[in-house]
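Enquirer: Predicted model and sequence follow; I will ask about them next.
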Protein chains: 2
Amino acid sequence: MPENSVPTARTRVVREPHRGVYDRATAYQILDEGFVCQIGFAVDGQPFVIPTGYGRAGDNLYVHGSVASRMLRNLSQGVPVCLTVTLLDGLVLARSIFNHSMNYRSVVVLGTAVAVTDPQEKTQALRAISEHILPGRWLESRQPNEKELKATAVMRLPITEFSSKVREGPPIDDEEDYEFPTWAGVIPLQMVAGQPIPDQRLDPSRPVPEYAQQYFRQR
Amino acid sequence: MPENSVPTARTRVVREPHRGVYDRATAYQILDEGFVCQIGFAVDGQPFVIPTGYGRAGDNLYVHGSVASRMLRNLSQGVPVCLTVTLLDGLVLARSIFNHSMNYRSVVVLGTAVAVTDPQEKTQALRAISEHILPGRWLESRQPNEKELKATAVMRLPITEFSSKVREGPPIDDEEDYEFPTWAGVIPLQMVAGQPIPDQRLDPSRPVPEYAQQYFRQR
């Protein structure tokens, strides 16, 4: 987790360049807080953007899915992909419509995903995805069997070409607008977990595990 | 808002086909509840996925941004795009790792975005985006002036080729796993607004408007 990324022409933030952030620590914090990414890939020139869970292990991202899925069948052909993670932190209400904005943190990773075929790396990747989404769950679940592993495709995307974009803080209005008679500020937004809902077929005496009871994403 | 969409080969849900939904009412409910989309477009074969706000007016989606932004410069060339909206509703904890899932609702819209040049449609589109994200705010803000409108690009994407994908409800385990000794159920997730934070330069006697005080997305 050493060096910073030198932005390429493709990852350099063009608009609002002061919001572009290129160090790994920032990108990894965002990637670790999020757990749903959007994967973009093109088929015959038509882009597709598909939401999916992911995990990070070191300098690699992992995604998984059914070997029958369109996305994974396409990715496994070694096409260029874009993996984007977006965390929404708030609505920014400026005096002028023009200066309204959102507070957010996003990471864009470009590259080519590679199918993970080594059985050990595959299981480790699935564990990384599981622990990334819900730490503590992997060991308390029935482990994957051979048939299930065979039906699951896992792809690795190295975090090589990437950039983050971050907007935070209050609205920035034009100086002459500060006297405009309207409220201005930030409405904070956050993803919050509710009370866990036990499965109807669950023994009612089984307690809700702590990792499900107090679920939150570390910022 | 009448007919259903006949899925094309490109929008038909391949994996978990029972989760594919093709009626406009479902897609519009998801599009209206969300307000951040992910836009996918390809440049020289490299896909990019960029988060941005959006609005809906009738059977059209609108996005906007700086005329200087890379995304809008690319979109305005009439390239194929994919606009995806994802709402995350919960983590689904099954007995087996393999059957873990998420509850979510997503919409994928494919097509070609068109630059809005008519000044009246442009203002209406900006108003649609603003009212989509924060109903009531438009009229209480300083309206866009000519210079700002000139600096803003607005794109229209007709909702023609689209599909939704919905997963809801409890985990579905293999029959032989129901006795496996672990907790199972759903951790509900929701985006929640916090207490609005007034701008430091705001007259402290100005009350928080109701639309900011009780912000939520209608399901």
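Expert: Thanks, I have the structure now.
Enquirer: Any idea how many residues pack against the residue nearest to A:Ile133 when sequence neighbours are not counted?
Expert: Sequence neighbours aside, A:Phe35 is the residue nearest to A:Ile133 in space, at 4.7 Å (criterion: C-beta to C-beta, 6 or more residues apart in numbering or on different chains). For every residue, glycine as well, the C-beta is placed using N, CA and C. By other C-beta atoms under 10 Å in any protein chain shown, 20 other residues sit near A:Phe35.
Enquirer: Now do the contacts for A:Phe35.
Expert: Applying C-beta atoms under 8 Å, 6 or more residues apart in numbering or on different chains, we find A:Phe35 in contact with A:53-55, A:132-133, A:217.
Enquirer: now, which of the residues you listed lie within strands?
Expert: Among those, the subset assigned to strands under DSSP state E consists of A:53, A:55.
Enquirer: which helices and strands sit right next to the longest strand seen in chain A?
Expert: Under DSSP E, the strand in chain A containing the largest number of residues is strand A:80-93. Using 3 or more C-beta pairs under 8 Å, 6 or more residues apart in numbering or on different chains; DSSP states H and E as the contact criterion, the neighbours of strand A:80-93 among helices and strands are helix A:24-33, strand A:36-43, strand A:101-112, strand A:185-193, strand B:36-43, strand B:46-53.
Enquirer: change it to 6 Å
Expert: Secondary structure elements in contact with strand A:80-93, counted by 3 or more C-beta pairs under 6 Å, 6 or more residues apart in numbering or on different chains; DSSP states H and E, are helix A:24-33, strand A:36-43, strand A:101-112, strand A:185-193, strand B:46-53.
Enquirer: Report the distance from stretch A:78-93 to the chain centre.
Expert: Offset of stretch A:78-93 from its chain centre (C-alpha atoms, centre = their mean, to the nearest Å): 7 Å.
Enquirer: And it, what's buried?
Expert: Within stretch A:78-93, the residues that qualify as buried are A:80-93, counting by 16 or more other C-beta atoms under 10 Å in any protein chain shown.
Enquirer: try stretch A:178-196
Expert: Using 16+ other C-beta under 10 Å, the residues of stretch A:178-196 that count as buried are A:182-191, A:193, A:196.
Enquirer: remind me which residues of chain A are low pLDDT?
Expert: By pLDDT under 70, the weakly predicted segments of chain A are A:1-5.
Enquirer: Correct me if wrong: A:Glu148 contacts B:Phe98.
Expert: Yes: because the distance of 4.2 Å satisfies C-beta atoms under 6 Å, A:Glu148 is recorded as touching B:Phe98.
Enquirer: Those two - which one has more neighbours?
Expert: Set A:Glu148 next to B:Phe98 and count neighbours by other C-beta under 10 Å: B:Phe98 wins out with 21 against 16.
Enquirer: Could you pull up the residues touching that one?
Expert: Remark: with contacts taken as C-beta atoms under 6 Å, 6 or more residues apart in numbering or on different chains, B:Phe98 is in contact with A:144, A:148.
Enquirer: ok but it is inside a strand, no?
Expert: No: under the criterion used here (DSSP: H, G, I helix; E, B strand; the rest coil), B:Phe98 is helix, not part of a strand.
Enquirer: and it, how far is that from B:Asp89?
Expert: 21 Å (C-beta to C-beta, to the nearest Å).
Enquirer: And for A:Val14?
Expert: When distances are taken as C-beta to C-beta, A:Val14 and B:Asp89 turn out to be 34 Å apart.
Enquirer: What of A:Lys150?
Expert: Summarising the geometry, the distance separating A:Lys150 from B:Asp89, computed by C-beta to C-beta, is 30 Å.
Enquirer: And the longest helix anywhere in chain A, what's buried?
Expert: Under DSSP state H, the helix in chain A containing the largest number of residues is helix A:119-133. The neighbour-count criterion (16+ other C-beta under 10 Å) identifies A:121-130, A:132-133 as the buried residues of helix A:119-133.
Enquirer: Then stretch A:57-68?
Expert: Taking 16+ other C-beta under 10 Å as the basis for neighbour counts, the residues of stretch A:57-68 that come out buried are A:57, A:60-65.
Enquirer: Restricted to strands, list these.
Expert: Checking the buried residues of stretch A:57-68 against DSSP E, those in strands are A:57, A:60-65.
Enquirer: Make a markdown table out of these and add distance to B:Ala115.
Expert: What follows is these, written out as a markdown table (distance: C-beta to C-beta, whole Å):
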| residue | distance to B:Ala115 |
| --- | --- |
| A:Ala57 | 42 |
| A:Asn60 | 39 |
| A:Leu61 | 34 |
| A:Tyr62 | 38 |
| A:Val63 | 34 |
| A:His64 | 39 |
| A:Gly65 | 35 |
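Enquirer: and which of these is nearest chain B?
Expert: Nearest to chain B, judged by C-beta to the nearest C-beta, of those is A:Gly65 at 7.1 Å.
Enquirer: so what's the closest one closest to, chain neighbours aside?
Expert: If you skip the residues right next to it in sequence, A:Gly65 has A:Leu72 as its closest partner in space, 4.7 Å away by C-beta to C-beta, 6+ apart.
Enquirer: Next, count neighbours for the one you found.
Expert: Other residues near A:Leu72 come to 24 when the count uses other C-beta under 10 Å.
Enquirer: phi, psi of it?
Expert: In this entry, A:Leu72 is assigned phi and psi values of phi -70, psi -30 (degrees, to the nearest 10).
Enquirer: That one touches A:Val154, doesn't it?
Expert: No: with contacts counted by C-beta under 6 Å, A:Leu72 stays clear of A:Val154, the gap being 8.7 Å.
Enquirer: How about the residue in chain A that sits furthest from its center?
Expert: When each C-alpha in chain A is compared with the mean C-alpha position (C-alpha atoms, centre = their mean), A:Glu179 comes out farthest, at 39.1 Å.
Enquirer: That residue: what's it in contact with?
Expert: A:Glu179 makes contact with no residue, according to C-beta under 6 Å, 6+ apart.
Enquirer: measure it to A:Ile172 for me?
Expert: With C-beta to C-beta as the criterion, A:Glu179 and A:Ile172 are 15 Å apart.
Enquirer: contact partners of the longest helix of chain A?
Expert: Where contact means C-beta under 6 Å, 6+ apart, the residues beyond helix A:119-133 that reach it are A:35, A:53, A:55, A:57, A:62, A:64, A:116, A:137-138, A:154.
Enquirer: same thing with stretch A:190-206?
Expert: With C-beta under 6 Å, 6+ apart as the test, stretch A:190-206 has contacts from A:208, A:212, A:215, B:170-171, B:178, B:183-192.
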